[in-house]
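Student: Here is the input, now give the coordinates:
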Amino acid sequence: MNAEPVVEFVSRGRGEVAVFNLTVADLHTYFVAVGDASVHVHNDLDPCLPAYLDDHSIDKVENLHTATAANRDLIIPRDKSVFCQGTDYQALVDHANKRPCLKNEHGNFERRVQSPDGQSVGGLGADFGGFDMDWYVVAQDKWGFIVSIHPVVPPGVAP
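Tutor: Here you go, the predicted structure:
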């Protein structure tokens, strides 16, 4: 009897956990026995998992790229890009996850996208021209955890 393997749950978390990865040189796909079933495995993972927004990521974004109570005197700092008050970060991440990603110079992955409705998501400080922006970047590590989210200038536009 051939049984179809079923993914029963997926869990994400932070911390150290023992894991075992298997890569078979020069093979794109292969079969692995799992109990009485065999699983067809692809040796070629998509290099960019969906970005995952957790409380740690939100805290980091709010500390670095928003005008919060702690930095209300710096509504838009001269050397930063900041999000508009009340920005729905999860909606931005969900929208960005529909777009392809590229590996950046820091070894992380990023997606640069225009806001879902084309409306401004934030602004640039005076050192970068001080204008509203409807583009943003979601940078993540190889596990999908967000490293940064912040407004950026559109492609081809110099700040």
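
Student: what's around the nearest residue to residue 107 once chain neighbours are set aside, how many residues?
Tutor: In space, residue 107 comes closest to residue 142 once its chain neighbours are excluded; the distance is 8.0 Å by CB to CB, 6 or more residues apart in numbering. Heads up, the C-betas are built off the backbone N, CA and C, glycines and all. Residues lying near residue 142 (other CB atoms under 10 Å) number 13.

Student: where's residue 113, which helix or strand?
Tutor: Take DSSP states H and E as the rule and residue 113 turns out to sit in strand 109-114.

Student: show me what contacts the residue nearest to residue 107?
Tutor: 47, 49, 107, 108, 109 (CB atoms under 8 Å, 6 or more residues apart in numbering).

Student: which intervals of the chain have sub-threshold pLDDT?
Tutor: 1-7, 9-11, 17-30, 40-47, 67-79, 125-131, 158-159 (pLDDT under 70).

Student: quick one: the helices in it?
Tutor: Applying DSSP state H to the chain gives helices spanning 55-64, 89-96.

Student: would you turn these into TSV with distance to residue 136 and mean neighbour count?
Tutor: Conversion of the helices of the chain to TSV gives the following (distance: least, CB to CB, whole Å; neighbours: other CB atoms under 10 Å):
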stretch	distance to residue 136	mean neighbour count
helix 55-64	10	14
helix 89-96	6	17
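
Student: Please verify my assumption that residue 31 contacts residue 37.
Tutor: No. In this structure residue 31 lies outside contact range of residue 37 using CB atoms under 8 Å: 9.7 Å.

Student: okay, the two: which has more neighbours?
Tutor: More crowded of residue 31 and residue 37, by other CB under 10 Å: residue 37, with 14 against 10.

Student: Tell me what that one is bridged to.
Tutor: According to DSSP bridges, residue 34 are recorded as the beta-bridge partners of residue 37.
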